[in-house]
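Asker: Sharing a sequence plus its predicted fold:
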Amino acid sequence: MKKKKQRGLAKQFVRMIFLAWLECMLLLAVSQVVLNHSLRIWFSRTEVQQIVTQRQVNALQDYITENGLSTRDAKELTDWSRSKHYILLELYRGRAMIYSSFAPLSGVREEIENDPGDRVEFYDWSPSYTLTFADGEAEALLYYNGLNDYYSTGCDILNMLCLLWWFPGFFLINSRKIIRYILQLSEEIQAMEGGDLEHPITVRGHDEITTLASCLDSMRITLRQQQEEEAQASAKVKSLITEMSHDLRTPLTTLLLYTEILRGHKYDTPEQEADYLNKIDAKARQIKQLSDNLFEYALVTRDTVAVLDPPAHFSEIFEGPLTELVETLQQRGFACALELGEEDVLLSVNGQYVRRILDNITSNLLKYADPQSVVTVHFVQENGMAGLCFENRVLPIPPAAESTKVGLTSIGTMMEKMHGVCRIEQPEGLFRMTLLFHTVNE
């Protein structure tokens, strides 16, 4: 399956900005067309044109009065006309033009004064307005293009709306998908903070937020696994405590019973007293063995990393511990058969763990193996690993004290810390334990 190319947030934001700008331009163009059409309809009414023109005339009269202008103050009149981009002003006196905002300053008046016969006549068909100047009244023709003036003002307002309102609005609309996704992630993270590790984090898209969501979901899975492992470890500890409490209670009760008998001299012969002492000694040793097993289990289950020794040959690693195992078993009446072969592979192990594992195996053999059968130990090699296989026949009648199997658990834990394999098989009447370690190439 082809992997989808990741789209960065920067590219997405650039695309959203361009799309928002395009939408704004389209909306602005439509708005301008609507505005122009509406203004044309409005200004097509004669009364509207008269009203807006009269407003400009009133504004001009206020300007003339405030500044005390006369009809000769052409510069001031021209400045006012030019400030009103859509106005043409002409002044008449005696039905002759004395000022036009199209002509240079005072140009019309100078031409009229120099050549009184050449006069621009007053147009009777145009609406005129009487303005009062400092040097008397004058008739004014004021041509006001209100359509373009209002349209220009409306376009300025539309441009401001586009910049300050439409563009941010379109950008937020285009980015709502990302915003909703961020809000969704926020809610899911809050649920995860509250302890809900079952609900998955939504992974959607192909950008940096998607990568963040994927990392958060991986963290959720890791935390859930840690919780499950901690729960399993806690359950194992509780089970161990329960089993050990039961195993310790029985020998302790018997021990207290025998000590009470001896304290009260409730025996008939010295031989009976010695028998009770032997039983007390046996129970005390049993309790010690249980406590040793518990200590061993606690020791190897700590959160420590086993440091492996430099690679060494199989014979160097197991010669000493196997010799001790065989001697101990033979002293207790067991027969042993070693089949180690001739291959001497290189292994990387923790020597201290190896000795403790063989000590546990020796203890288990002494308690549960049938001394009438041979204990076999042979070399095994499979899938790039090598080690030992211990096999014995179990006692036909199991010992009175039940085993908590803490020793076997300790062996499995130590093998795991050395990256090895501990495999236990129990066919009918037999017990077989295989220990495998990774081999090292020479």
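Answerer: Now that the structure is in, tell me what you want to look at. Numbers count the residues shown, from 1 in each chain.
Asker: helices or strands up against the host helix or strand of Gly169?
Answerer: When secondary structure is defined by DSSP states H and E, Gly169 falls within helix 167-174. The helices and strands touching helix 167-174, judged by 3 or more Cβ pairs under 8 Å, 6 or more residues apart in numbering; DSSP states H and E, are helix 9-43. Quick note: C-beta positions are derived from backbone N, CA and C, even for glycine.
Asker: After the helix holding Gly169, which helix or strand is next?
Answerer: Read in the C-terminal direction, the helix or strand following helix 167-174 is helix 176-193, with elements assigned using DSSP H and E.
Asker: what's the spacing between that following helix and its chain's center?
Answerer: The gap between where helix 176-193 is centred and where its chain is centred comes out at 10 Å by Cα atoms, centre = their mean, to the nearest Å.
Asker: do the same with stretch 39-53
Answerer: With Cα atoms, centre = their mean as the basis, the distance from the averaged C-alpha position of stretch 39-53 to the chain average is 63 Å.
Asker: what's in contact with that stretch?
Answerer: Stretch 39-53 is contacted by residues Pro127, Leu142, Tyr144, Gly146, Leu147, Tyr150, Tyr151, Gly154 when judged by Cβ atoms under 8 Å, 6 or more residues apart in numbering.
Asker: ok, 7 Å please
Answerer: The contact list for stretch 39-53 (Cβ atoms under 7 Å, 6 or more residues apart in numbering) reads Leu142, Tyr144, Gly146, Leu147, Tyr150, Tyr151.
Asker: contacting residues for Ala274?
Answerer: No residues are in contact with Ala274 under the rule Cβ under 7 Å, 6+ apart.
Asker: Quick check: it vs Tyr258, distance?
Answerer: 12 Å (Cβ to Cβ, to the nearest Å).
Asker: State the phi and psi torsions of the nearest residue to Leu308 once chain neighbours are set aside.
Answerer: Taking Cβ to Cβ, 6 or more residues apart in numbering, and ignoring the residues beside it in sequence, Leu308 has Ser348 as its nearest neighbour in space, at 4.8 Å. Its backbone dihedrals place Ser348 at phi -120, psi 110, with angles given as degrees, to the nearest 10.
Asker: One more: Leu69?
Answerer: Taking degrees, to the nearest 10, you get phi -80, psi 150 for the backbone angles of Leu69.
Asker: Look at it and report its pLDDT.
Answerer: We note a pLDDT of 91 for Leu69 in this prediction.
Asker: what about it, neighbour count?
Answerer: Neighbouring residues of Leu69 were enumerated by other Cβ atoms under 10 Å; the total is 20.
Asker: mind checking how far the residue nearest to it when sequence neighbours are not counted is from Glu66?
Answerer: Distances taken as Cβ to Cβ, 6+ apart put Glu76 closest to Leu69, at 5.4 Å, once the chain neighbours are dropped. Applying Cβ to Cβ, the value for Glu76 to Glu66 is 11 Å.
Asker: who's more crowded, these two?
Answerer: Neighbour comparison, Glu76 and Glu66: the larger count goes to Glu76, with 16 against 8 (by other Cβ under 10 Å).
Asker: isn't that one right next to Asn67, touching?
Answerer: Yes. In terms of Cβ atoms under 7 Å, Glu76 counts as a neighbour of Asn67; the distance is 6.2 Å.
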